[in-house]
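[1] Need a 3D model of the sequence below.
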Amino acid sequence: MTIVAHWFRRLPSVDELLKGTPLPELAASHGRAAVTEAARSELERLRAEIAGGTLSEDGLEVALAGLTAAVAVRVARRVGGSLRPVINASGVINHTNLGRVPLSADALDRVVACARGYSNLEFDLETGERGRRDDHARALLDQLAEREGISGVTGIVVNNNAAAVFLALAALAKGGEVIVSRGELVEIGGSFRIPDIMAQSGATLREVGTTNRTRIEDYERAIGADTRLLLRVHRSNFEIVGFTEQPELSQLVELGRRRGIPVMEDLGSGALLDMERFGIAGEPSLFQSLREGVSLVTASGDKLLGGPQAGLVVGAPDLVAELRRHPLFRALRVDKMCYAALEGTLISYLREKSDQIPLLAMLGRPAEEVERRCRALVDAVPHLPGRVVGTRAVIGGGAAPGKSVASFALALVPTGMSAQALASQLRRQSVPVVARIEDGCVLLDLRTVDPADDAYLTRVLAGLAP
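    As a prediction, this is how the structure comes out:
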């Protein structure tokens with residue numbers, strides 16, 4: 001208790017702290033009240049850590065040395081908005097909580113070009129009349145489909161895949177039945193459940209089969225006068241293994257054609273390439289589904305496509321037209337920045353430059369390259385208490401469940417503090433660094449870190465080294 005009391009006395013007063021560089025300059029530019037409040041909050045945080053026993057004496061030394069910097073970071077957060085760029089060193093490639101994946105340079109260039117002034121979002125430059133915003137992405141989706149040998153399809157864009165599913169069910173199946181396997185009644189992040197969204201759309205769920213086994217005969221027996229859709233839901237965030245059975249997609253398509261019922265697939269992940277090239281097996285692409293003859297496919301614009309958050313609906317023109325005419329389409333539509341980012345991403349696919357899409361670049365990065373970067377960090381900060389370890393980077397983002405790629409990470413061994421306290425220090429940097437904790441170590445997986453950020457990481461780690 002005596003030692004703890006001594007530590008409390010080592011904390012400066014608010015007035016003393018405000019005299020330390022660069023806080024006077026911050027007070028002049030951002031106001032003394034904002035800087036004073038940030039200083040008070042940082043001191044309260046340290047008092048709570050001392051009282052809670054989460055700081056050692058060495059940890060207190062580090063915290064005191066970085067106290068004015070921590071105040072400056074807190075001020076920047078308060079006056080600069082809460083949405084900030086971070087460095088994702090967690091090893092989760094498609095990190096939903098960190099905004100999924102970075103956009104490509106081409107996508108960002110198009111966003112800036114179209115957002116800094118006016119654009120032809122809904123204006124036909126040929127006729128001078130009003131145009132349709134969905135024509136922009138539709139034209140590129142059509143070209144990509146044609147290049148894959150798929151004709152007679154078109155598409156629209158809404159704000160995410162959940163919206164795409166909701167719109168399709170409301171437009172095509174309201175007042176009727178939708179047949180779906182019990183093993184596909186999934187829940188994804190944010191408590192989005194297929195049965196709930198179906199109920200809200202006005203469609204009636206008709207479950208067939210069991211959790212682990214559903215046969216094509218189950219679908220056929222369930223078809224009745226009120227059947228509007230046969231729905232296949234891709235299990236994008238979990239796997240069922242063991243004693244399982246599921247009809248081939250081609251069987252479902254053949255049944256739908258024979259009985260005159262559209263087949264819709266909630267694909268979710270939105271992959272446009274064969275993911276086998278990245279060692280990810282069993283993840284269907286949007287074009288594979290269309291090639292199988294699915295009437296309508298919904299998918300995400302981010303996830304495995306690598307673009308902005310959006311929901312794509314691609315398929316038979318008459319069905320897509322029904323969705324476009326539905327009143328919900330206007331409520332769920334996207335803005336010019338989303339269209340610009342999606343166009344920039346799709347153009348990279350058309351130009352066969354998919355390696356310029358950050359998601360695919362991260363997936364394709366050789367593990368040996370990641371290891372070299374980790375060792376370079378260790379060499380640059382020789383006194384850092386850490387080592388290079390082999391690990392697995394997961395796909396994440398509700399895509400490719402159970403799939404991962406080989407990677408390497410810098411494992412930091414905390415001295416004088418807990419792993420949680422060290423991870424917290426990394427998150428309090430001017431550009432926060434998000435790591436993960438395993439076996440008492442803080443892991444920085446560089447597969448998910450842009451190589452251009454390695455120099456910044458070196459400076460951060462140098463500041464943490466004893």
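[2] use CA for all of it now, contacts and neighbours both
    Noted.
[3] so where's this structure shaky on pLDDT?
    Applying pLDDT under 70 to the chain picks out residues 1-3, 80, 186-192, 235-244, 398-401, 465-466.
[4] Quick check: beta-bridge partners of the residue nearest the centre of it?
    Ranked by distance to the mean C-alpha position of the chain (Cα atoms, centre = their mean), the top residue is residue 100 at 1.7 Å. With DSSP bridges applied, residue 100 shows beta-bridge pairing to residue 95.
[5] mind checking how far it is from residue 9?
    44 Å (Cα to Cα, to the nearest Å).
[6] And the contacts of the helix ranked longest in the chain?
    In the chain, assigned by DSSP state H, the helix with the most residues is helix 32-52. Contact with helix 32-52 is made by 4, 7-8, 11, 14, 17-18, 23, 26-27, 55, 63, 67-68, 70-72, 74-75, 78, as judged by Cα atoms under 8 Å, 6 or more residues apart in numbering.
[7] one more time with 7 Å, if that's ok
    The contact list for helix 32-52, computed with Cα atoms under 7 Å, 6 or more residues apart in numbering, reads 4, 8, 14, 26-27, 55, 71, 74-75.
[8] Between those, which sits nearest residue 450?
    Residue 450 lies nearest to residue 74 out of the contacts of helix 32-52, by Cα to Cα, at 24.9 Å.
[9] Name all residues that make contact with residue 87.
    Contacts of residue 87 (Cα under 7 Å, 6+ apart): 432-434, 449.
[10] angle of the next helix or strand after the longest helix of the chain against helix 32-52?
    Elements were assigned by DSSP states H and E; along the chain past helix 32-52, the next helix or strand is helix 57-65. Calculated by axes from the mean of the first three to the mean of the last three Cα atoms, to 10 degrees, helix 57-65 forms an angle of 180 degrees with helix 32-52.
[11] who touches the very next helix or strand once past helix 57-65?
    Downstream of helix 57-65, the first helix or strand assigned by DSSP H and E is helix 67-79. By Cα under 7 Å, 6+ apart, the residues outside helix 67-79 that reach it are 20, 23, 34-35, 38-39, 42, 428, 430.
[12] thinking again about what came up before, can I have the buried ones of the contacts of helix 32-52 as a ChimeraX selection?
    Here is the ChimeraX command that selects the buried residues among these (16 or more other Cα atoms under 10 Å):
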select :14,26,27,55,71,74,75
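[13] if we can go back for a sec, can you name the two of the contacts of helix 67-79 that are farthest apart?
    Longest span within those, Cα to Cα: 20 and 428, 18.6 Å.
[14] Looking at these two, which has the bigger crowd around it?
    The residue with more neighbours, out of residue 20 and residue 428, is residue 428; 17 against 13, by other Cα atoms under 10 Å.
[15] Would you check how far apart the more buried one and residue 24 are?
    21 Å.
[16] Ok, residue 329 next?
    To residue 24, residue 329 is 52 Å away according to Cα to Cα.
[17] So between the two, which is more surrounded?
    residue 329 (21 against 16).
[18] Show the contacting residues for that one.
    167, 323.
[19] Show me which positions of the longest helix of the chain end up buried.
    Buried residues in helix 32-52, defined by neighbour count with 16+ other Cα under 10 Å: 32, 34-36, 38-40, 42-43, 46-47, 50.
[20] same deal with stretch 201-217?
    Neighbour counts over stretch 201-217 (16+ other Cα under 10 Å) mark 201-209, 212-216 as buried.
[21] Sort out which of those are in helices and list them.
    Per DSSP H, the buried residues of stretch 201-217 map to helices at 201, 216.
[22] and which of the contacts of residue 87 is nearest residue 251?
    residue 449 (42.5 Å).
[23] neighbours around that closest one, how many?
    20.
[24] repeat for the one 5 residues further on
    When neighbours are defined as other Cα under 10 Å, residue 454 has 16 of them.
[25] so is it in a helix, a strand, or just coil?
    The three-state assignment at residue 454 reads helix, by DSSP: H, G, I helix; E, B strand; the rest coil.
[26] export the contacts of helix 67-79 to TSV and tack on distance to residue 159?
    Putting those into TSV (distance: Cα to Cα, whole Å) gives the following:
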residue	distance to residue 159
20	47
23	42
34	37
35	39
38	37
39	40
42	39
428	32
430	31
